[in-house]
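Chemist: fold the following.
(one chain, ligands or ions: 1)
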Amino acid sequence: MSSFNVNPDQQAPDKEPTGLAGLASRFVQYRDEQAQHDSDDDSADDHESDHDDDSESTDSGGAHGVDPDDPSLGLVERLLAARARSSPDQADKITAILNSLNLGIDFTPPPRVLKTHVFGEANTPPTLSHLASLFKTKKYSKILVLTGAGISVAAGIPDFRTAGTGLYSNLEKYNLPHPTAVFDIDFYKDNPAPFVMLASEIWPGNHLPTKTHAFIKLLSDKGILLRNYTQNIDGLEVLGGVPEEKVIECHGHFRTASCTSCGSPMDVSLVSKSIIEDGVPPVCAKCGGIGKPDIVFFGEDLPSVFHGNINRDVKEADMIIVMGTSLQVQPVAGIPDYVSSKVPRLLFNREHVGNFDTSEYNYRDIFEAGNCDDGVENFCEMIGWGEELRTCYENAEGRRKLREEKITSEEEID
Ligand SMILES: [Zn+2]
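Modeler: The predicted structure follows:
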């Protein structure tokens with residue numbers, strides 16, 4: 001019996017549409033085959049005088065009856081979820097795919113209406129100036145900040161999770177089944193060498209917080225940062241002075257380490273010495289398993305601190321700022337969708353991402369295209385924080401220490 005798999009990651013045959021469109025086309029093909037199969041069965045059953053309708057497992061063609069086992073249910077669910085996360089253009093394409101399934105349901109959403117935007121009565125689309133004006137009145141006091149690799153680019157940190165960056169080319173000699181295997185927990189347990197090599201290069205300590213990190217610290221200093229959810233593992237938020245309880249490092253960090261077998265905490269200084277100086281995986285003193293810094297590998301759950309806070313935080317947030325992320329990795333990528341529909345959403349990013357609305361119907365989204373640091377500096381000037389941002393940036397813990405060390409070493413030379 002053939003089965004239909006709703007996993008869009010499954011490799012589609014050559015020359016067929018890929019992604020959601022490919023998924024839909026494979027589904028239609030599957031359903032037609034099933035319909036053909038059922039009608040063949042019906043012909044074979046024609047001689048039976050008493051036809052038991054209850055034994056019919058599928059409504060052939062699947063167009064009108066809703067069968068709980070109908071694979072289209074999973075597909076429709078996935079398409080609707082994807083549409084909810086999509087930009088208006090992309091959403092239109094997904095609606096077309098949904099309607100092409102011929103399920104007897106019209107998936108076209110009700111027409112969109114122009115709404116008064118959340119910054120007031122203005123009849124123009126919301127702009128950064130509208131937001132800045134309200135910001136200055138202290139209207140927002142529970143700001144959720146969502147950050148990704150883009151905010152650390154200015155610190156010189158490459159997005160090393162993305163295959164194709166220079167860091168991965170060093171791993172060629174290990175013949176990885178796929179580049180991201182280096183961050184796969186099962187792979188690491190079998191073959192720790194590639195991660196040990198990569199970890200020695202990406203271990204924090206050589207990079208300093210950016211202006212964007214300084215901005216997050218300023219929000220915290222002023223008591224209006226609800227939480228910073230970051231996808232980065234570089235630890236620059238904490239190094240930049242954002243209190244640890246205000247930062248949720250969704251993919252973990254290098255400040256602690258533990259055993260991959262028994263889960264026992266391990267001394268991070270011993271773990272870093274083992275990896276960086278000795279180039280070997282750290283061994284757990286309790287069970288003999290191998291350890292690693294507490295960064296989240298593929299195949300591992302997000303830290304409990306994420307699950308423990310996210311639901312409350314998205315409910316409480318009265319503004320969200322998204323910076324430097326492609327919004328590709330769930331569940332973090334979904335955070336901007338979970339805040340209240342009355343909450344303004346500000347995006348500082350090189351490209352448009354997620355479902356930030358840039359259409360005429362937009363009533364709460366602001367997209368500032370460009371480097372995060374530039375966007376942040378501009379916004380800080382608008383709200384009168386320009387000088388404070390510069391001071392905060394210059395005085396970041398790591399930067400100050402570095403300056404002091406430099407002065408000390410210059411004095412020693414003298
Ligand atoms: Zn152990």
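Chemist: could you use CA atoms for every contact and neighbour count after this?
Modeler: OK.
Chemist: let me see the contact set for the residue nearest to Cys250 when sequence neighbours are not counted.
Modeler: Ranked by C-alpha to C-alpha, 6 or more residues apart in numbering and with sequence neighbours excluded, the top spatial neighbour of Cys250 is Gln231, at 5.4 Å. Listed by C-alpha atoms under 8 Å, 6 or more residues apart in numbering, the contact set of Gln231 reads Thr147, Gly148, Ala149, Glu249, Cys250, His251, Val332.
Chemist: pick the one among those closest to the ion.
Modeler: His251 (21.1 Å; C-alpha to the ion).
Chemist: please tell me how far the nearest residue to that closest one once chain neighbours are set aside sits from Ile275.
Modeler: Closest residue in space to His251, ignoring its immediate chain neighbours: Val296 at 4.8 Å, by C-alpha to C-alpha, 6+ apart. Distance check for Val296 against Ile275: by C-alpha to C-alpha, to the nearest Å, it reads 17 Å.
Chemist: same thing with Asp190?
Modeler: In terms of C-alpha to C-alpha, Asp190 sits 16 Å off from Ile275.
Chemist: more neighbours, these two?
Modeler: For Asp190 and Ile275, the more surrounded residue by other C-alpha atoms under 10 Å is Ile275, and the numbers stand at 25 against 9.
Chemist: my guess is the more buried one contacts Ala199, does it?
Modeler: Yes - if you go by C-alpha atoms under 8 Å, Ile275 and Ala199 touch, sitting 7.1 Å apart.
Chemist: which residues of the chain lie near the ion?
Modeler: Within the chain, the positions near the ion by C-alpha under 5 Å from the ion are Cys259, Cys262, Cys284, Cys287, Gly289.
Chemist: list just the nearest of the residues you listed to Gly354.
Modeler: Nearest to Gly354 among the residues of the chain next to the ion: Cys259, at 35.8 Å, using C-alpha to C-alpha.
Chemist: phi, psi for that closest one please.
Modeler: As for Cys259, its main-chain torsions (degrees, to the nearest 10) stand at phi -80, psi 140.
Chemist: mind listing the residues bridging to it?
Modeler: Gly291 (DSSP bridges).
Chemist: and the average pLDDT for the helix or strand harbouring Val305 is what?
Modeler: Counting by DSSP states H and E, the element that carries Val305 is helix 304-316. Averaging pLDDT along helix 304-316 gives 96.
Chemist: do the same with stretch 218-225
Modeler: Averaged across stretch 218-225, pLDDT comes to 98.
Chemist: now that stretch: buried residues?
Modeler: Leu218, Leu219, Ser220, Ile224, Leu225 (16 or more other C-alpha atoms under 10 Å).
Chemist: wait, what's in contact with the last one?
Modeler: Taking C-alpha under 8 Å, 6+ apart as the contact definition, Leu225 lies against Ser141, Lys142, Ile143, Leu144, Val145, Ile216, Leu219, Lys246.
Chemist: which residues does the third one contact?
Modeler: Contact analysis of Ile143 by C-alpha under 8 Å, 6+ apart lists Ile224, Leu225, Leu226, Arg227, Ala317, Asp318, Met319, Ile320, Ile321.
Chemist: where does it fall, phi/psi-wise?
Modeler: phi -90, psi 130.
Chemist: quick check: it vs the ion, distance?
Modeler: 39 Å (C-alpha to the ion, to the nearest Å).
Chemist: then the last one?
Modeler: According to C-alpha to the ion, Lys246 stands 30 Å off from the ion.
Chemist: count the neighbours of that residue for me.
Modeler: Neighbours of Lys246 (other C-alpha under 10 Å): 18.
Chemist: hey, what's the nearest residue to it once chain neighbours are set aside bridged with?
Modeler: In this structure, Lys246 finds its nearest non-sequential neighbour in Arg227, 4.8 Å apart by C-alpha to C-alpha, 6+ apart. With DSSP bridges as the criterion, Arg227 is bridged to Leu144.
Chemist: surely Arg227 touches Glu249?
Modeler: No - at 10.5 Å, Arg227 and Glu249 do not qualify as touching, with contact defined as C-alpha under 8 Å.
Chemist: can you report phi and psi for the residue nearest to His251?
Modeler: Backbone dihedrals for Val296, given as degrees, to the nearest 10, come out at phi -80, psi 120.
Chemist: quick one, what contacts it?
Modeler: Val296 sits in contact with Cys250, His251, Gly252, Leu302, Pro303, where contact means C-alpha under 8 Å, 6+ apart.
Chemist: phi, psi of Val322?
Modeler: Per degrees, to the nearest 10, the backbone of Val322 is at phi -110, psi 130.
Chemist: ok, what's across the strand from it?
Modeler: Bridge pairing for Val322 - DSSP bridges - gives Leu146, Leu347.
Chemist: that one against Thr147, yeah?
Modeler: Yes - if you go by C-alpha under 8 Å, Val322 and Thr147 touch, sitting 5.9 Å apart.
Chemist: so between those two, which is more surrounded?
Modeler: More crowded of Val322 and Thr147, by other C-alpha under 10 Å: Thr147, with 29 against 25.
Chemist: is the more buried one in contact with Asp234, as I believe?
Modeler: No - Thr147 is beyond contact range of Asp234, at 11.9 Å (criterion: C-alpha under 8 Å).
Chemist: out of the contacts of Ile143, which is nearest to Arg403?
Modeler: Leu225 (28.2 Å).
Chemist: which phi and psi values does the closest one adopt?
Modeler: phi -90, psi 120.
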